[in-house]
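Q: Provided below for reference: sequence and predicted model.
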Amino acid sequence: AGFDLPDGRRLKPGDPVITFVARNLEPIRGYHTFMRTLPAILGRLPSAQVLVVGGHGTSYGIKPPRGTTWKAMFLDEVADRIDLARVHFTGRLSRERYLAALHVSAAHVYLTYPFVLSWSLIEAMGAGCAIVASDTAPLRDVIDGTNGILVPFFDTEALADRVVDVVSKPRRHAEMRRRAQALVADRYDADRICVPQM
């Protein structure tokens, strides 16, 4: 697996890559919390790269103030405290590139208000990502502490601590990744489980 950046660099499994995925970058999916965490994460992980995958519209929540986007608002809030050369906004990706991003992820951040659980979380778990997620109702349906880490939605300090720990100690979290994959295979495999049940 590999993920090519526009500047020609190629991210590979084992690199300190942090991923965040949402259909659109908006507060209901925790984009604001994630962005507010980046100064601490990037300060403590000087070689980390961040892939932020998602569009600039609104899928579920309220629209941003007229004349701006949620992406721009919360990026502007932290832009002077992060190395923008290490934060890569990919926009929406083809399925192939999206899966490549998951396959190079050292820590995958998934945040949401109490709302419908996104298919992207299940795919990230199925790809073997190390999940650091918000301790909100839908996450508790699939993450039990052995297959991912839950932190309070607005606690940027706890989120940064967990992400830094996961990226810094990949071997320590290998079993967590394996358990995430196993849960998806056992509960959500399309051919064996979901389609027959439907």
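A: Yep, that arrived.
Q: Are we agreed that residue 181 is in a strand?
A: No: using DSSP: H, G, I helix; E, B strand; the rest coil, the secondary structure at residue 181 is helix, not a strand.
Q: Need the per-residue pLDDT for it.
A: Residue-level confidence at residue 181 comes out at 97, pLDDT.
Q: what number of residues lie near the closest residue in space to it that isn't next to it in sequence?
A: Leaving out its chain neighbours, the residue that sits closest to residue 181 by Cβ to Cβ, 6 or more residues apart in numbering is residue 128, at 4.9 Å. From N, CA and C alone the C-beta is placed, and that goes for glycine too. In terms of burial, residue 128 registers 20 neighbours under the definition other Cβ atoms under 10 Å.
Q: if I pick residue 128, what's in contact with it?
A: Residue 128 makes contact with 103, 177, 178, 180, 181 under the criterion Cβ atoms under 8 Å, 6 or more residues apart in numbering.
Q: Ok, residue 33 next?
A: Residues counted as contacts of residue 33 (Cβ under 8 Å, 6+ apart) are 111, 134, 153, 154, 156, 159.
Q: could you flag which of those residues are buried?
A: Of the members of those, the ones counted as buried by neighbours, 16 or more other Cβ atoms under 10 Å, are 111, 134, 153, 156, 159.
Q: and which of those residues is nearest residue 27?
A: Of all the buried ones among the contacts of residue 33, the one with the least separation from residue 27 (Cβ to Cβ) is residue 111, at 9.5 Å.
Q: measure stretch 60-72 end to end?
A: Taking Cα to Cα, to the nearest Å as the measure, stretch 60-72 stretches 18 Å from start to finish.
Q: mind listing what's buried in that stretch?
A: Taking 16+ other Cβ under 10 Å as the basis for neighbour counts, the residues of stretch 60-72 that come out buried are 60, 64, 69, 70, 71.
Q: Looking at pLDDT only, which of these scores worst?
A: Ranked by pLDDT, these bottom out at residue 60, which has 85.
Q: That one: helix or strand, and which one exactly?
A: Element membership of residue 60 [criterion: DSSP states H and E] is none; it lies in no helix or strand.
Q: Skipping its backbone neighbours, what lies nearest it in space?
A: Leaving out its chain neighbours, the residue that sits closest to residue 60 by Cβ to Cβ, 6+ apart is residue 28, at 4.8 Å.
Q: Next, the contact list for that neighbour, please.
A: Contacts of residue 28 (Cβ under 8 Å, 6+ apart): 59, 60, 61, 112, 113, 115.
Q: now swap in residue 71 and tell me
A: Residue 71 neighbours (Cβ under 8 Å, 6+ apart): 25, 31, 56, 89.
Q: Centre of the chain to the host helix or strand of it, how far?
A: In this assignment (DSSP H and E), residue 71 forms part of helix 70-78. Distance of helix 70-78 from the chain centroid (Cα atoms, centre = their mean, to the nearest Å) equals 17 Å.
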